[in-house]
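In: how would this look folded up:
(chains A and B)
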Amino acid sequence: MDATSVVAAISGNIATVGYGLAAIGPAIGIGIVVGKTIESIARQPELAGRLQVLMWIGIAFTEALALIGIATYFIFVS
Amino acid sequence: MNLLVPAADGDGTFHGPTIDEFFPPVLFFEGTPFEINRIMLVRFVAVIVLLVLFWIGTRKMRVVPGRFQSLVEMGLDFVRVNLAFDLLGKKDGRRFLPLLTTIFFMVLFMNLTGVVPFLNVAGTSVVGTPMLLAAVAYVAFIYAGVKKHPAGFFRNALFPAGVPWPFYVLITPIEFFSTFVLRPVTLVLRLTFNMISGHLLLSLFFGATTFFFFTAPGFFKLLGVGTLAFGFVFTLFEVLVAALQAYIFAILTTVYIQLALAEEH
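Out: Sure thing, here's the model as predicted:
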């Protein structure tokens, strides 16, 4: 058997690892969003309330990508 | 049927929870379009509890509120001040306040059923309720925009000002997709899949706990203590997620309305 042939076969659906892959980007994104919010609150503590609202909105948008990752599993697994 | 541990097993191997848990057998009215299953019953319970709580809380209103009335007022005030008035301003905030209050409390109560013992599944964990609420939010922000700028709403949304006109070829499809397709779709997906994954996590932990305690051999029984502890911690986490998702659903609806109402540039 030469080096270019398949030496191991993986059975099952690649979609099962999809969520793990899909979580990488949003994880970094949410980290940045929250980290920047903390930085901003440290600079301007009196704006904490408004910044937190913006932070939750930002998290909601970022997090949606990871959740689409969960959804695609159920779409492609069948 | 063991409601607490859907993943319990009899043959000595562990079966994790599957997506089939969200499609339980029909209980009433089988064969008609009004089939009632466990999740529908949970939704009814959530709505009844919500109605009863608000009825009791606002039945005998006093200027100096009692303990329960002030709790209800605190909840209503949160939506009123933190969502509607802060983001939309007094005038528009008052117009959309009933809608936002309804969305917030409906999502909150249907989410919280996910951690209530013997209900054990969130009413929003099947796509129907989130889809309905997202449709309402979608209609609301388009209505708000068209009412405020009858001619300009779709022009503003699809052809943002200050862009050289050749770029509209690129920008208009993207804007259309993100505003009129992705917004409602992500509202639905965010809520549904937060609740689905929360329920799967909890039933995985508690299913594993029963498996370790009752069927696993020898020292493996000790692992059950760990899964039980994690199950408890994640139950608390799910309470947080339930409140947070209700807040996020309501605040995104508010933000979409706010963007639609914004002055033309």
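
In: Can you tell me the closest non-neighbouring residue to the residue in the stretch 1-150 of chain B that chain A sits nearest to?
Out: Closest to chain A within the stretch 1-150 of chain B is B:Ile19: 6.2 Å, counting by CB to the nearest CB. Heads up, the C-betas are built off the backbone N, CA and C, glycines and all. For B:Ile19, ignoring the flanking residues on the chain, the nearest one in space by CB to CB, 6 or more residues apart in numbering or on different chains is A:Phe74 at 6.2 Å.

In: distance of that neighbour from B:Phe29?
Out: Using CB to CB, to the nearest Å, one gets 27 Å for the distance from A:Phe74 to B:Phe29.

In: same check, this time on B:Leu170
Out: 51 Å.

In: One more: B:Thr172?
Out: On the measure of CB to CB, B:Thr172 and B:Phe29 end up 47 Å apart.

In: residues in contact with the residue minimising distance to the centre of chain A?
Out: The residue lying closest to the centre of chain A (CA atoms, centre = their mean) is A:Pro26, at 2.5 Å. Applying CB atoms under 8 Å, 6 or more residues apart in numbering or on different chains to A:Pro26 gives the contacts A:Thr62, A:Glu63, A:Leu65, A:Ala66.

In: Please apply the same query to B:Ile248.
Out: Per CB under 8 Å, 6+ apart, neighbours of B:Ile248: A:Trp56, A:Ile57, A:Ile59, A:Ala60, B:Arg190.

In: Which pLDDT does the model give it?
Out: pLDDT, B:Ile248: 93.

In: need the residues of chain A near chain B, please.
Out: A:53, A:56-57, A:59-61, A:63-64, A:67-68, A:70-71, A:74 (CB under 8 Å from any CB of the partner chain).

In: Among those residues, which ones are in helices?
Out: When the residues of chain A next to chain B are checked against helices (DSSP state H), the matches are A:53, A:56-57, A:59-61, A:63-64, A:67-68, A:70-71, A:74.

In: Export the residues you listed as a markdown table, with columns for neighbour count, distance to B:Phe180 and pLDDT.
Out: Formatted as a markdown table, those follow (neighbours: other CB atoms under 10 Å in any protein chain shown; distance: CB to CB, whole Å; pLDDT from 0 to 100):
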| residue | neighbour count | distance to B:Phe180 | pLDDT |
| --- | --- | --- | --- |
| A:Val53 | 18 | 24 | 88 |
| A:Trp56 | 17 | 23 | 90 |
| A:Ile57 | 17 | 19 | 89 |
| A:Ile59 | 18 | 23 | 90 |
| A:Ala60 | 21 | 18 | 87 |
| A:Phe61 | 18 | 16 | 86 |
| A:Glu63 | 22 | 21 | 85 |
| A:Ala64 | 19 | 16 | 82 |
| A:Leu67 | 22 | 20 | 81 |
| A:Ile68 | 20 | 17 | 79 |
| A:Ile70 | 19 | 24 | 78 |
| A:Ala71 | 19 | 20 | 76 |
| A:Phe74 | 12 | 24 | 73 |
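
In: okay if I get the residues you listed as CSV plus distance to B:Phe14?
Out: Output for those, formatted as CSV (distance: CB to CB, whole Å):
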residue, distance to B:Phe14
A:Val53, 43
A:Trp56, 37
A:Ile57, 40
A:Ile59, 34
A:Ala60, 35
A:Phe61, 37
A:Glu63, 30
A:Ala64, 32
A:Leu67, 27
A:Ile68, 29
A:Ile70, 22
A:Ala71, 26
A:Phe74, 22
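
In: what does chain B put close to chain A?
Out: So far as CB under 8 Å from any CB goes, chain B lies against chain A at B:19, B:82, B:86-87, B:186, B:189-190, B:193-194, B:196-197, B:244, B:247-248, B:251-252, B:255.
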